[in-house]
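Engineer: can't give you the sequence, but here's the structure:
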């Protein structure tokens, strides 16, 4: 299986894909984190959907990773696109037959590709963490935000927790991308369907009926990235609920797509 | 140890109501070049895909290099293949594409440059695949098939898009591989090419095997023909009837009358044509080539 992982990494490290994706990660991580501090006094808010994150909140131990946490959903969308494209293009280029002639174990092929793309996602997350935290540290004094608690034990714990949550969320989004790539066998269809669903359809459905938020896959994965709502608050999705429902979506999708991939004839 | 490279029995593939391959039974001896011919849609590529584990047969059994086709992982490391044209990543160079496949199969990447040179792509190894011409893509496909240093090479239309020089090079390459003990199973619509290089032949028609055996046996089993052309095109029908009246099978093909009969009969034919007032511009006794035999057996023309 490691042969597959290493050969996939050879493909993933090509400059247009690697530098292009990492460039986008750097730009948006810096942007999301910078806006938290640069717009701290803006009446329109300084976070996503006009939310206001105050100086007091940013001064907490979790303040240093607020920017990193808010870029998590965006990293998920990037992962979905990369996983979907890298999977579906094997069908459109016809390269799947080369792969399966050289590696007939189809589940091994799938697992190898998943690990390689997971590694790519990990690099993306580490880079985003570095840029987000660095931007926060640089801009906090100017925005008169205290950073004393950021570097204590609680601050390090917050960084670790956010990092793990974002990994779970991004890998979840990526798995959904891979499932869509396997089912639709076209990068454009898989990416369009995934992105449209997550960014538009889910939000429309939730706007029509708020309670649907508890059951939408994208909402669960975004909730995992942000650490979920505190339990018993009554608003937002609780972390454990998001983990359970999001995990179910990802697991069921992965099982169905794997069975199809193993059994389906490769006739293109 | 089996002395066949490929052995299939009753191999079938059904899509809905359509039989793409129907009870195909044939063997390809080790160390031979076996031509795999048949009209478009006769099931050649489907058969090759089944042999490579890409699609599951509806029925029948098969063995490749002594291993059942139910377990492709046991023989594919010794098989090189190019099916339905070359397929590579456009954004990677030829060399990167081969390195990718070498890594995937667990082969050394040391041979990659040598293989690229062997197929005439040494100087374009670092160019992106998307900049390659059709012929260059085809050459890269052949190089990829050679990566595992195969005991069996399966090539689907390997000369597509190649210029005459390239075709000749591929012919020489396949012959030299066969001389070194590699079995080659090759499909091509260029029957004259297959005639030049094949020792063995499997012929398909509408999913069914219509001939399998040595190329020489097939050619010797065919009736020699006498090809005649009149100075006047209107004479063809009359020439045809002269041949038929004399008790010979005859058809009009490519502006000439093709009559099944020995070379000695050409003298009688010439005399009969002269007596009928026809001046012949061509009278050639010859053995049918593979193309004519193919058309004869598949009923395509």
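Structural biologist: Structure's in. What do you need? Everything quoted here is computed from the prediction, not taken from an experiment.

Engineer: okay, CA-based contacts and neighbour counts for the rest of this
Structural biologist: Noted.

Engineer: State the number of residues packed around residue A:50.
Structural biologist: 11 (other CA atoms under 10 Å in any protein chain shown).

Engineer: need the contact list for the nearest residue to it once chain neighbours are set aside.
Structural biologist: Take residue A:50 and drop its neighbours on the chain: the residue closest to it by CA to CA, 6 or more residues apart in numbering or on different chains is residue A:44, 5.7 Å away. Shown in contact with residue A:44 (CA atoms under 8 Å, 6 or more residues apart in numbering or on different chains): A:50-52.

Engineer: Model confidence score at the nearest residue to residue B:183 once chain neighbours are set aside, please.
Structural biologist: Nearest residue to residue B:183, sequence neighbours excluded (CA to CA, 6+ apart): residue B:31, at 4.3 Å. With respect to pLDDT, residue B:31 scores 88.

Engineer: swap in residue B:260?
Structural biologist: 84.

Engineer: repeat for the one 10 residues further on
Structural biologist: Model confidence at residue B:270, given as pLDDT, is 89.

Engineer: how much space between it and chain A?
Structural biologist: Distance of residue B:270 to chain A, given as CA to the nearest CA, to the nearest Å: 54 Å.

Engineer: Next up, phi/psi of residue B:80, please.
Structural biologist: The phi/psi pair for residue B:80 (degrees, to the nearest 10) reads phi -110, psi 140.

Engineer: beta partners of it?
Structural biologist: With DSSP bridges applied, residue B:80 shows beta-bridge pairing to residue B:153.

Engineer: Quick one: residues contacting it.
Structural biologist: When contacts are counted by CA under 8 Å, 6+ apart, residue B:80 touches B:144-154.

Engineer: In strands, which of those residues fall?
Structural biologist: In this view, these that belong to strands under DSSP state E are B:152-154.

Engineer: can these go into JSON lines with extra columns for pLDDT?
Structural biologist: Shown next, in JSON lines, are these (pLDDT from 0 to 100):
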{"residue": "B:152", "pLDDT": "94"}
{"residue": "B:153", "pLDDT": "94"}
{"residue": "B:154", "pLDDT": "94"}
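
Engineer: between those residues, which is nearest residue B:138?
Structural biologist: residue B:154 (13.8 Å; CA to CA).

Engineer: Point out the residues in the stretch 1-150 of chain A that sit beside chain B.
Structural biologist: Within the stretch 1-150 of chain A, the positions lying close to chain B (CA under 8 Å from any CA of the partner chain) are A:3-4, A:6-8, A:10-11, A:14, A:93-95, A:97-105.

Engineer: Helices - which of these land there?
Structural biologist: With DSSP state H as the criterion, helices contain A:3-4, A:6-8, A:10-11, A:97-102 from among the residues of the stretch 1-150 of chain A next to chain B.

Engineer: In those, which residue is surrounded by the most others?
Structural biologist: Greatest neighbour count in these, by other CA under 10 Å, goes to residue A:102: 29 neighbours.

Engineer: That residue - nearest residue in space that isn't next to it in sequence?
Structural biologist: Once flanking residues are discounted, residue A:102 sits nearest to residue B:105: 4.9 Å by CA to CA, 6+ apart.

Engineer: roughly how far apart are residue B:154 and chain A?
Structural biologist: 11 Å.

Engineer: hang on, the earlier thing: of the contacts of residue A:44, which is the nearest to chain B?
Structural biologist: Nearest to chain B, judged by CA to the nearest CA, of the contacts of residue A:44 is residue A:50 at 40.7 Å.

Engineer: low-confidence ranges in the stretch 1-150 of chain A?
Structural biologist: For the stretch 1-150 of chain A, no stretch is flagged by pLDDT under 70.

Engineer: where exactly do the helices run in it?
Structural biologist: Here the stretch 1-150 of chain A has its helices, by DSSP state H, counting those that start in this stretch, at A:2-12, A:15-38, A:55-58, A:66-92, A:96-102, A:106-139.

Engineer: And the residue of chain A closest to chain B?
Structural biologist: Proximity to chain B, evaluated over chain A using CA to the nearest CA, is greatest for residue A:265 at 4.4 Å.

Engineer: Determine the three-state secondary structure at that residue.
Structural biologist: At residue A:265 the chain is in coil, as set by DSSP: H, G, I helix; E, B strand; the rest coil.

Engineer: Now it: closest residue in space that isn't a chain neighbour?
Structural biologist: With sequence-adjacent residues excluded and distances taken as CA to CA, 6+ apart, residue A:265 is closest to residue B:55, at 4.4 Å.

Engineer: For the one you found, give its distance to residue B:142.
Structural biologist: Note on residue B:55: its distance to residue B:142, by CA to CA, to the nearest Å, is 22 Å.

Engineer: the helices in chain B, which residues?
Structural biologist: For chain B, the helices defined by DSSP H occupy B:44-51, B:72-75, B:94-105, B:111-118, B:134-146, B:164-179, B:191-197, B:215-221, B:236-245, B:265-275, B:290-298.

Engineer: Which positions in the shortest one come out as buried?
Structural biologist: This means helix B:72-75. Burial within helix B:72-75, assessed by neighbour count using 16 or more other CA atoms under 10 Å in any protein chain shown, is assigned to B:72-73, B:75.

Engineer: Quick check: the residue nearest to residue B:183 touching residue B:174?
Structural biologist: No: using CA atoms under 8 Å, residue B:31 makes no contact with residue B:174, being 11.0 Å away.

Engineer: what sits in contact with each of those two?
Structural biologist: Common contact partners of residue B:31 and residue B:174 (CA under 8 Å, 6+ apart): residue B:184.

Engineer: Let me have the ones in strands among the contacts of residue B:80 in TSV, adding distance to residue B:24 as columns.
Structural biologist: Output for the ones in strands among the contacts of residue B:80, formatted as TSV (distance: CA to CA, whole Å):
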residue	distance to residue B:24
B:152	20
B:153	20
B:154	17
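
Engineer: and of those residues, the nearest to residue B:85?
Structural biologist: residue B:154 (11.8 Å).

Engineer: quick one: contacts for the closest one?
Structural biologist: B:48, B:79-83, B:145, B:184-186 are the contacts of residue B:154 under CA under 8 Å, 6+ apart.

Engineer: Among those residues, the buried ones, what's the PyMOL command?
Structural biologist: The PyMOL selection below is limited to those of the contacts of residue B:154 classed as buried (16+ other CA under 10 Å):
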select buried, chain B and resi 48+79+80+81+82+83+145+184+185+186
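
Engineer: At the contact with chain A, which residues of chain B appear?
Structural biologist: Contacts of chain B with chain A, taken as CA under 8 Å from any CA, map to B:49, B:52-56, B:72-73, B:76-77, B:81-82, B:87-89, B:92, B:99-101, B:103-106.

Engineer: Any idea how many residues pack against residue A:87?
Structural biologist: 27.

Engineer: Leaving out the residues flanking it, which one is nearest to it?
Structural biologist: Nearest to residue A:87 is residue A:181, by CA to CA, 6+ apart, at 5.4 Å.

Engineer: in which helix or strand would I find the one you found?
Structural biologist: For residue A:181, the element it lies in under DSSP states H and E is helix A:153-184.

Engineer: which helices and strands sit right next to the helix or strand following that helix?
Structural biologist: Using DSSP H and E, the helix or strand that follows helix A:153-184 in sequence is helix A:187-196. Applying 3 or more CA pairs under 8 Å, 6 or more residues apart in numbering or on different chains; DSSP states H and E, one finds that helix A:187-196 makes contact with helix A:66-92, helix A:153-184.

Engineer: Give the buried residues for the shortest one.
Structural biologist: For helix A:66-92, burial by neighbour count (16+ other CA under 10 Å) applies to A:66-91.

Engineer: before we move on, what about stretch A:35-49?
Structural biologist: A:35-37, A:39-40, A:45-47.

Engineer: Check what pLDDT the residue of chain B found nearest chain A gets.
Structural biologist: Chain A sits closest to residue B:55 of chain B, with a gap of 4.4 Å, by CA to the nearest CA. The confidence metric pLDDT takes the value 93 at residue B:55.

Engineer: so it touches residue B:12, yeah?
Structural biologist: No: if you go by CA under 8 Å, residue B:55 and residue B:12 don't touch, sitting 11.1 Å apart.
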